[in-house]
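Participant: Predicted model follows, preceded by the sequence.
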Amino acid sequence: EFCRETWGGAANLRVYCSARQLYADRNGWFPTRGGRRRAPVFDVTQLSLYQPTFCLTMDLRMTDEEVIAVSEAPRDPRSRAKNAAVHVVDPVSRRLRERFEVSSATINCCDVYDGKLCLGSDDCKVRVYLKSREPEEDDRGPPWWARGASRRRPGEDSDDTDADVICYRPRAEYILSSEVNDLRFAREDVVITVRTHQNRHPAGLDLIHLERPDVRSSYPGGSWATRGKYIHALDGFEDGCSLSKVACSGEHPLTSAFSAMLFDFRRPQPCVADLPVASVRQGHPVGTMLWPLRAGTSPKVYANLLHEEGRRGRRGTIVTVDFRYPTPDRCMCFELPEPVDDFRCFGGNLYAACTASDPSGGQRLSVYRCTPDRFDD
């Protein structure tokens, strides 16, 4: 019961004979044997979502109940699928629960909260889906926002046999002034989006109030609301995304220096902290970006220092920023032996995926765990 209370559906009870040992090993991430710390052991499997078409996964969200992956539009003209799609996978059985196509535009980002799925695409649209039991078709047909959508019915191309399956249904869609490159679902039922131009240069932030679609807040890049910065990415903290505390990475338009920024969108001046992290003045190479940026346990955020010298030097650096301090001079850095492709924050720890070339000419994927509160981990 302690394991289920602590980790919920993510508790690895299936791979441990003893729940007491699982609790002592902290769900298997910090195993100890004979009083000595051991490295965790992973069962690695893969699921091909786009066979036989080559297609990129653009974003992914994982909860205790499901894994959601969104894709670009297929580039192979021979493919039967013509639109970008959403895949919902069972994290336990690793089988496809649901697949539905969205539009011919690439889906750049997704987020899920409280039974709602939110998508942002290159067609300047934000789409919201609601998890519910799939209804029977009636004479009126699908709602206006679902017309033309392609959906896998329960039982098709999967192991589902129960026709009464909970799935995502289209709820609404919102048109923005430019492409949607990143978004987060706030607990106040507000979608916070990062808009970009077609060349991927940042354009601004938009707030969409789902209960009041006529109320929309927009903060253009370089405006007073963003302290003259252009926002590249945003993230919510581990305890949940809220309008009162949203972490962002911003670029100065003249110096190209990157800052870690904290926003409280309840205030007239939403930016409450602007800490320069990557600039030439601080000794970083020109063009160093904070990408990706991940919010951990409030008030800490983490960012990969992305620059060409690091990629060529086959190393990676993840920097820690604590918004309680007025300057980032006391930042803790994690130096990794390989360039960082992506990383996530789970339970106060960082898990970084790195790729390096091996002598045979292939590539080797490595996962590193960094524990900010215990630097020796």
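Facilitator: Sure thing, it's come through.
Participant: Please count neighbours and contacts with C-alpha atoms only from this point.
Facilitator: Will do.
Participant: before we move on, which element is residue 366 in?
Facilitator: Here residue 366, judged by DSSP states H and E, is contained in strand 363-370.
Participant: Break down the stretch 251-377 of the chain into its helices, ranges please.
Facilitator: Listed in chain order, the helices of the stretch 251-377 of the chain (DSSP state H, counting those that start in this stretch) span 308-312.
Participant: Give me the below-cutoff pLDDT ranges for it.
Facilitator: Scanning the stretch 251-377 of the chain for pLDDT under 70 picks out 310, 313, 328-330, 374-377.
Participant: can you pull out the strands in it?
Facilitator: In the stretch 251-377 of the chain, the strands defined using DSSP state E, counting those that start in this stretch lie at 258-263, 271-278, 289-295, 300-306, 316-322, 333-336, 340-346, 349-357, 363-370.
Participant: and of those, who's closest to residue 3?
Facilitator: With CA to CA, the closest approach to residue 3 among the strands of the stretch 251-377 of the chain belongs to strand 340-346: 16.2 Å.
Participant: thinking again about what came up before, out of the strands of the stretch 251-377 of the chain, which is closest to residue 250?
Facilitator: Of all the strands of the stretch 251-377 of the chain, strand 258-263 sits nearest to residue 250, with 5.2 Å by CA to CA.
Participant: I'd like to know which elements the closest one is packed against.
Facilitator: With contacts defined as 3 or more CA pairs under 8 Å, 6 or more residues apart in numbering; DSSP states H and E, strand 258-263 has these neighbours: strand 246-251, strand 271-278, strand 289-295.
Participant: any idea how far it is from the chain center?
Facilitator: Averaging C-alpha positions (CA atoms, centre = their mean, to the nearest Å) puts strand 258-263 18 Å from its chain's average.
Participant: if we can go back for a sec, among the helices and strands packed on strand 258-263, which is nearest residue 45?
Facilitator: Nearest to residue 45 among these is strand 289-295 (25.0 Å), distances taken as CA to CA.
Participant: and the closest one, what does it pack onto?
Facilitator: Helices and strands touching strand 289-295, by 3+ CA pairs under 8 Å, 6+ apart, are strand 230-236, strand 246-251, strand 258-263, strand 300-306, strand 340-346.
Participant: Other residues contacting the fourth one?
Facilitator: I take that to be strand 300-306. Strand 300-306 is contacted by residues 247, 278, 288-296, 316-323, 340 when judged by CA atoms under 8 Å, 6 or more residues apart in numbering.
Participant: from the chain's centre, how far out does it sit?
Facilitator: With CA atoms, centre = their mean as the basis, strand 300-306 stands 14 Å off its chain's centre.
Participant: Give the pairing partners of it; include direction for each.
Facilitator: Sheet pairing of strand 300-306 (DSSP bridges) gives strand 289-295 (antiparallel), strand 316-322 (antiparallel).
Participant: quick check, residue 7 in a strand?
Facilitator: No. Counting by DSSP: H, G, I helix; E, B strand; the rest coil, residue 7 falls outside a strand, being helix.
Participant: ok, and the closest non-adjacent residue to it?
Facilitator: Nearest non-adjacent residue to residue 7, counting by CA to CA, 6 or more residues apart in numbering: residue 27, 7.7 Å away.
Participant: Okay, and that neighbour sits in which element?
Facilitator: With DSSP H and E as criterion, residue 27 is part of no helix or strand.
Participant: Number of residues surrounding it?
Facilitator: 21 (other CA atoms under 10 Å).
Participant: before we move on, the earlier item: of all the helices and strands packed on strand 258-263, which lies closest to residue 43?
Facilitator: Each of these has some distance to residue 43 by CA to CA; the shortest is strand 289-295, at 25.4 Å.
Participant: Dump the strands of the stretch 251-377 of the chain to CSV, plus mean neighbour count and distance to residue 8.
Facilitator: Shown next, in CSV, are these (neighbours: other CA atoms under 10 Å; distance: least, CA to CA, whole Å):
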stretch, mean neighbour count, distance to residue 8
strand 258-263, 25, 30
strand 271-278, 21, 34
strand 289-295, 24, 22
strand 300-306, 24, 24
strand 316-322, 21, 28
strand 333-336, 16, 30
strand 340-346, 18, 14
strand 349-357, 18, 18
strand 363-370, 14, 22
